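S.K.: Attaching a predicted model along with its sequence, questions to come.
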Amino acid sequence: MSISPSKKELTHARIVDVASKAIRRAGYRGVGVADIMKEAGLTHGGFYAHFDSREALVIEAMAKAGQENIQSLSEVIE
């Protein structure tokens, strides 16, 4: 029996996913919190319900990007 993620967890994951893609597209300095939240379909004010700072989001987003790159490379190697 698995437990479904909460709405907050799903929203958090969506923000990280959008941030990961935005940072890869525009670079660390090329994207702001407001841009990420807008792209995720959320308000800028809701950001701090999920993250303590922009840096906290960037750390998670970069970790996600790294995992996705490793997965892509593994698939190519196989």
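M.R.: Okay, I see it. Residues are numbered from 1 along each chain as shown.
S.K.: so how far is the helix or strand of the chain with the lowest mean pLDDT off the chain centroid?
M.R.: Taking mean pLDDT, DSSP states H and E as the measure, helix 54-77 is the helix or strand of the chain with the lowest mean score, a mean of 91. Between the centre of helix 54-77 and the centre of its chain there are 10 Å (CA atoms, centre = their mean, to the nearest Å).
S.K.: Pull out the buried positions in stretch 64-78.
M.R.: By neighbour count with 16 or more other CB atoms under 10 Å, stretch 64-78 contains the buried residues Lys64, Ala65. The way it works is simple: take the backbone N, C-alpha and C, and place the C-beta from them, glycine included.
S.K.: switch to numbering from 871
M.R.: OK, 871 is where the count begins now, so the last one is stretch 934-948.
S.K.: Not counting its own residues, what contacts it?
M.R.: Contacts of stretch 934-948 with the rest of the structure, by CB atoms under 8 Å, 6 or more residues apart in numbering, involve Val886, Asp887, Ser890, Ile893, Arg894.
S.K.: Buried ones among these?
M.R.: Among the contacts of stretch 934-948, those buried by neighbour count (16+ other CB under 10 Å) are Val886, Asp887, Ser890, Ile893.
S.K.: Read off the pLDDT value for the second one.
M.R.: pLDDT recorded at Asp887 is 96.
S.K.: Now do the residue nearest the centre of the chain against Ile947, distance only.
M.R.: Taking CA atoms, centre = their mean as the criterion, Val886 is the residue nearest the geometric centre of the chain, at 1.3 Å. To Ile947, Val886 is 26 Å away according to CB to CB, to the nearest Å.
S.K.: Then Lys877?
M.R.: In terms of CB to CB, Lys877 sits 37 Å off from Ile947.
S.K.: likewise Ala910?
M.R.: Distance from Ala910 to Ile947, by CB to CB: 32 Å.
S.K.: Give me the spatial nearest neighbour of Ala888, chain neighbours excluded.
M.R.: Just so we're on the same page, residue 888 is Val rather than Ala. Ala910 (4.4 Å; CB to CB, 6 or more residues apart in numbering).
S.K.: what's the answer for Gly916, then?
M.R.: Met907 (6.8 Å).
S.K.: which residues does the one you found contact?
M.R.: By CB under 8 Å, 6+ apart, the residues touching Met907 are Ile885, Thr913, His914, Gly916, Phe917.
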